[in-house]
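Novice: Okay, sequence plus prediction incoming.
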Amino acid sequence: MNGIIKSIAAMAIISFCLSACGGESSGESSGDMPNSGNSGLNTALLSDSAKRGHDIYVDPGYSCVGCHGLQGQGTSAGGPLNAVNQAACATCGDIATLTTYNDALMPAAPYDPASCTGACASDVSQFIIEGFIEGKALSGDNNNPPPAAPGINVNPTSGLTTTEAGGTATFTISLNTLPTENVDITLLSDNAAEGSVNPTSLTFTTANWNQLQTVTVTGMDDAVLDGNIAYNIVTTAASNDADYAAIDPADVAVTNTDNEVPDPGVITVDPVAGLVTSENGDTATFTIVLGTVPTQTVTIGLSSSNAAEGNVSPASVAFTTANYNVPQTVTVTGVDDAAAPMVDGDIAYSVVTAPAISVDPSYSARDASDVSVTNTDNDVQPVISQFTVDQATVAFGGMVTLNWASDGDACTAGGANPGNQWMGPKLATSMLTLTNLTTSGVNQFTLTCTKDGIDSEVATVDVTVAAAPGAPTVNLTADPLMNVAFNGSSALTWSTVNADSCIATSTPANATWDNANKPVNGDNEVIANLTAASNIFTLACTNAGGLVTTVNTNVTVVQPNPTISLTADNQNITIGDSVTLTWNATDLASCVASSVPANAAWTCAKGVLATQNEVIANLQASTTFTLNCTGVNGAPVSSSETVTAMADPDLLLGKSFYDGQCAMCHAADGTGTAIFYPLPIGPNMCANNVNPGNGEVCSDQATLEAYLSVYMPNTVFPCDGDCARSVSKYILNNFLTQ
């Protein structure tokens with residue numbers, strides 16, 4: 001019902017107060033006036049005074065409808081209300097005010113306003129309020145439009161634009177229907193750094209509820225090149241009117257346009273770090289875009305610092321005046337190990353951006369940021385989760401059962417091999433019983449499993465077999481027994497009881513150990529230069545009765561993995577700068593350095609420690625540095641790094657300026673001429689920037705730059721800023737320092 005009252009009140013108050021009041025009306029209201037039944041209005045719900053007012057309102061003799069319209073909405077027949085009377089009727093929604101208004105403003109001459117006083121004005125006012133404002137006369141089939149629903153109109157809600165230069169945008173807010181209580185609208189920018197709102201609140205009353213209220217949004221400035229930023233004006237409603245308290249007004253979308261201009265020559269790469277590829281061929285992407293429109297095409301080459309780990313597509317990107325501001329996507333793809341699968345871990349590499357190639361001096365030789373990438377390893381070393389024996393000590397000729405389990409594809413048995421029972425390929429998970437163990441002493445059994453061509457670590461179990469009855473007792477140990485360094489050593493120690501002779505053998509053969517006359521009273525011996533992965537040392541001792549006891553021990557050696565990685569701290573430098581070369585080595589015996597073109601500071605033998613570095617000073621040309629190394633196992637390995645040395649962009653720019661008009665001032669060799677203001681011959685004969693001719697040292701950059709910015713031929717070739725800096729650099733580098 002509140003909605004109906006509000007909508008009809010809206011029609012009545014606006015129309016009544018803002019329209020003309022003319023026509024015909026006279027006479028007092030009385031209770032016995034006829035109730036007109038053809039007005040199209042329903043009077044059943046009206047009070048008696050309102051019913052009397054209805055009859056006066058629709059009676060042609062009174063013509064109140066000529067003043068207030070067919071449904072109380074007003075007409076222009078009598079001329080508009082003047083400003084005073086319109087203001088006086090700002091609250092014509094109550095009976096007292098409306099009665100006073102009707103009493104004073106009911107139709108004038110030739111109709112007498114005095115004829116519509118007292119009950120006449122009161123009854124008509126009562127009818128207007130009950131019938132139209134409260135809507136009691138509008139029920140039924142009277143073809144009236146349906147009442148409006150409560151609502152908060154925000155227009156527009158999107159498409160607004162402000163600027164960092166202080167540009168503004170506006171929108172409006174109004175209500176759909178008359179509220180029973182004030183409706184307060186709060187307005188807030190969700191990004192005050194981009195835009196402010198004014199006012200920050202609006203109030204709608206029963207008097208101004210249908211009036212459009214304007215809100216202004218102003219763009220805020222910053223000193224950041226951040227592009228166009230979207231933000232919102234958030235609107236919130238509060239009211240004691242239950243209908244309006246439940247409404248959440250629409251927010252307004254705004255965009256604040258940036259007013260910062262990028263510097264010429266800016267090349268943006270995004271992102272420059274954090275990219276991840278994989279040996280499974282997974283890819284990563286980044287983008288490249290120019291900051292300003294170039295005068296000519298700008299081409300940027302792209303390459304991988306380690307093609308064995310990742311490749312780049314495309315090999316170059318080109319920007320023109322048409323697409324300079326469209327980011328171009330570069331894709332990096334991970335590369336799998338080229339040879340046999342190898343657990344090499346996650347490897348870091350980079351996408352190298354070559355210096356830009358362009359005739360545009362703003363972009364020529366500009367070097368964009370390289371991009372850091374990591375290629376994740378897809379090779380996993382298999383794991384032997386179980387390798388056990390049911391008993392660690394057995395009698396001579398006894399038996400044991402080995403159990404093993406792994407996540408590999410297959411396994412290989414090694415180490416002790418009693419009766420050729422423990423050798424060759426095995427299932428990845430299984431068990432095996434070994435019988436008739438007759439090799440007295442420690443029998444070491446080994447197991448290696450393979451998955452996708454990658455070997456697991458070697459697993460071992462030891463079984464001690466008792467000596468044969470009556471046979472000599474023999475003990476043989478090695479220290480260390482496992483994981484001896486390549487080319488390392490192990491000490492063999494033995495002792496015997498009741499032995500008359502001992503013979504030592506080994507697999508592979510080892511000249512130091514193999515001997516038919518080992519002392520029977522025990523000894524120790526250091527075996528050096530071990531290189532085989534598995535070294536089985538055997539000692540067979542015989543007593544006077546001819547009984548033999550044979551024992552062995554297996555010494556495992558860690559196999560080398562010779563590697564060399566050479567990197568530069570900066571792959572792109574200016575001619576004359578220094579570069580630091582760093583190399584990381586594993587299992588190397590020697591390294592020799594070379595370079596193309598030859599660089600005397602680099603070309604020589606290099607150390608093979610884990611991490612080393614060397615500074616190459618005053619690099620004058622693009623150079624490829626190489627380390628050719630030999631592993632401790634004799635395997636060759638190498639690594640190269642290319643450092644690009646470019647001319648200083650300032651020198652290139654200075655030469656172009658100088659070759660243009662500056663030579664008219666400073667002569668072909670920079671020593672000066674009589675034309676314009678000369679630079680006198682000699683590094684200590686430079687005119688200062690106040691009075692040419694007064695001697696002042698001009699061999700430093702700042703002084704010469706200041707001189708040039710003042711005294712270069714401005715009438716022919718204006719020179720300041722970059723021009724003065726570049727030309728002064730060029731003169732100092734090419735003439736005054738020769």
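Specialist: Sure, I can see it. Numbering: from 1, shown residues only.

Novice: ok, now how distant is the residue nearest the centre of the chain from T203?
Specialist: Centroid-nearest residue in the chain, with Cα atoms, centre = their mean: P271, separated by 6.5 Å. According to Cβ to Cβ, to the nearest Å, P271 stands 49 Å off from T203. Every residue, glycine included, has its C-beta placed from N, CA and C.

Novice: Count the neighbours of T401 for me.
Specialist: Other residues lying near T401 total 13 when counted by other Cβ atoms under 10 Å.

Novice: swap that for Q612, please
Specialist: With other Cβ under 10 Å as criterion, Q612 counts 14.

Novice: If it is in a bridge, with which residues?
Specialist: W583 (DSSP bridges).

Novice: how is the protein carved up into domains?
Specialist: 2-138, 152-257, 267-376, 563-646, 649-736 (automatic domain parsing).

Novice: From the opening residue of the second one to its closing one, how far?
Specialist: The one in question is domain 152-257. 29 Å (Cα to Cα, to the nearest Å).

Novice: Name all residues that make contact with N240.
Specialist: Each residue near N240 by Cβ atoms under 8 Å, 6 or more residues apart in numbering is listed here: 180-182.

Novice: top of those by neighbour count?
Specialist: Going by other Cβ under 10 Å, T180 tops the contacts of N240 with 18 neighbours.

Novice: That residue - nearest residue in space that isn't next to it in sequence?
Specialist: Leaving aside its sequence neighbours, T180 sits nearest to D241 (Cβ to Cβ, 6 or more residues apart in numbering; 4.7 Å).

Novice: Return the residues in contact with P649.
Specialist: Here P649 is in contact with 364-366 (criterion: Cβ under 8 Å, 6+ apart).

Novice: Closest one of those to T43?
Specialist: Using Cβ to Cβ, R366 comes nearest to T43 of the contacts of P649, at 87.2 Å.

Novice: rewinding a little: would you tell me which one of the contacts of P649 comes nearest to V154?
Specialist: Nearest to V154 among the contacts of P649, with distances taken as Cβ to Cβ, is R366, at 47.9 Å.

Novice: which residues touch that closest one?
Specialist: 265, 267, 355-356, 649.

Novice: Most neighbours among those, which one is it?
Specialist: Within the contacts of R366, A356 tops the neighbour count with 23 neighbours, counted by other Cβ under 10 Å.

Novice: contacting residues around stretch 502-510?
Specialist: 474, 494, 496, 513-520, 527, 532, 535-542.

Novice: Can you flag the buried ones in the residues you listed?
Specialist: 474, 494, 496, 513, 518, 520, 527, 535-542 (16 or more other Cβ atoms under 10 Å).

Novice: quick one: which of those is nearest to I129?
Specialist: Nearest member of these to I129, counting by Cβ to Cβ, is N535, at 114.5 Å.

Novice: is that closest one in a bridge, and if so with what?
Specialist: Under DSSP bridges, the beta-bridge partners of N535 are V555.

Novice: Can you read off the pLDDT for it?
Specialist: On pLDDT, N535 comes in at 94.

Novice: Over to P683?
Specialist: Looking at P683, the pLDDT reads 42.

Novice: again, but for N694
Specialist: At N694, pLDDT is 40.

Novice: ok, now N618?
Specialist: At N618, the pLDDT recorded in the model is 87.

Novice: For the closest residue to it other than its chain neighbours, which three-state class applies?
Specialist: Spatial nearest neighbour of N618, chain neighbours left out: G576 (5.7 Å); criterion: Cβ to Cβ, 6+ apart. At G576 the chain is in coil, as set by DSSP: H, G, I helix; E, B strand; the rest coil.

Novice: Contact partners for G576?
Specialist: 618-620, 648.

Novice: Most neighbours out of those, which is it?
Specialist: L619 (20 neighbours).

Novice: surely that residue meets T574?
Specialist: No: assessed by Cβ atoms under 8 Å, L619 is found out of contact with T574, at 9.1 Å.

Novice: Pull up the overlap in contacts between these two.
Specialist: With Cβ under 8 Å, 6+ apart, L619 and T574 have common neighbours A645.

Novice: Just name the closest of the buried ones among the contacts of stretch 502-510 to D659, please.
Specialist: For those, the nearest to D659 is N535 (74.0 Å; Cβ to Cβ).

Novice: coming back round to it: any idea which of the contacts of R366 the model trusts least?
Specialist: P649 (70).

Novice: Now do that one against P562, distance only.
Specialist: Taking Cβ to Cβ, one finds P649 at 42 Å from P562.

Novice: Give me the distance between the spatially closest residue to N498 that is not a sequence neighbour and C604.
Specialist: Nearest non-adjacent residue to N498, counting by Cβ to Cβ, 6+ apart: P472, 4.4 Å away. As for P472, its distance to C604 is 59 Å (criterion: Cβ to Cβ).

Novice: quick one, which of those two is more surrounded?
Specialist: Taking neighbours as other Cβ under 10 Å, P472 and C604 compare with P472 leading, 24 against 11.

Novice: Surely that one touches L547?
Specialist: Yes: between P472 and L547 there is a contact under Cβ under 8 Å: 7.0 Å.

Novice: E641 bridge partners, please.
Specialist: So, taking DSSP bridges as the rule, E641 has F625 as bridge partners.

Novice: so what's it up against?
Specialist: Counted by Cβ under 8 Å, 6+ apart, E641 has contacts 566-568, 571, 581, 624-625.

Novice: What subset of those residues is buried?
Specialist: The buried subset of those (16+ other Cβ under 10 Å) comprises 566-568, 571, 581, 625.

Novice: that older thread, from the contacts of G576, pick the one nearest S304.
Specialist: Looking across the contacts of G576 and measuring by Cβ to Cβ, the closest to S304 is L619, at 22.7 Å.

Novice: What segments of the stretch 51-200 of the chain are helices?
Specialist: Assigned by DSSP state H, counting those that start in this stretch, the helices in the stretch 51-200 of the chain fall at 65-68, 83-88, 95-105, 119-127.

Novice: average pLDDT for the shortest one?
Specialist: Okay, so that is helix 65-68. 60.

Novice: which regions of the stretch 601-738 of the chain sit below the pLDDT cut-off?
Specialist: Residues of the stretch 601-738 of the chain meeting the criterion pLDDT under 70: 650, 652, 656, 660-700, 710-722, 734-738.

Novice: could you pull out the helices for it?
Specialist: Using DSSP H, counting those that start in this stretch, helices in the stretch 601-738 of the chain cover 649-657, 663-666, 701-711, 722-731.

Novice: out of the ones you listed, which comes closest to T292?
Specialist: Using Cβ to Cβ, those put helix 722-731 closest to T292, at 14.9 Å.

Novice: Between helix 701-711 and the closest one, find me the angle.
Specialist: Relative orientation of helix 722-731 and helix 701-711, computed by axes from the mean of the first three to the mean of the last three Cα atoms, to 10 degrees: 130 degrees.

Novice: Extract the C-alpha set from helix 722-731 and format it as PDB.
Specialist: What follows is helix 722-731, C-alpha atoms only, in PDB (Å, rounded to 0.1, in the frame of the first residue of the first chain):
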ATOM      1  CA  ASP A 722      70.800  15.000 -25.200                       C
ATOM      2  CA  CYS A 723      72.500  16.800 -28.100                       C
ATOM      3  CA  ALA A 724      75.100  18.600 -25.900                       C
ATOM      4  CA  ARG A 725      75.700  15.500 -23.800                       C
ATOM      5  CA  SER A 726      76.200  13.200 -26.800                       C
ATOM      6  CA  VAL A 727      78.400  15.600 -28.800                       C
ATOM      7  CA  SER A 728      80.600  16.400 -25.800                       C
ATOM      8  CA  LYS A 729      81.000  12.600 -25.200                       C
ATOM      9  CA  TYR A 730      81.900  12.100 -28.900                       C
ATOM     10  CA  ILE A 731      84.500  14.900 -28.900                       C
END
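
Novice: Remind me what it packs against, helices and strands.
Specialist: helix 649-657, helix 701-711 (3 or more Cβ pairs under 8 Å, 6 or more residues apart in numbering; DSSP states H and E).
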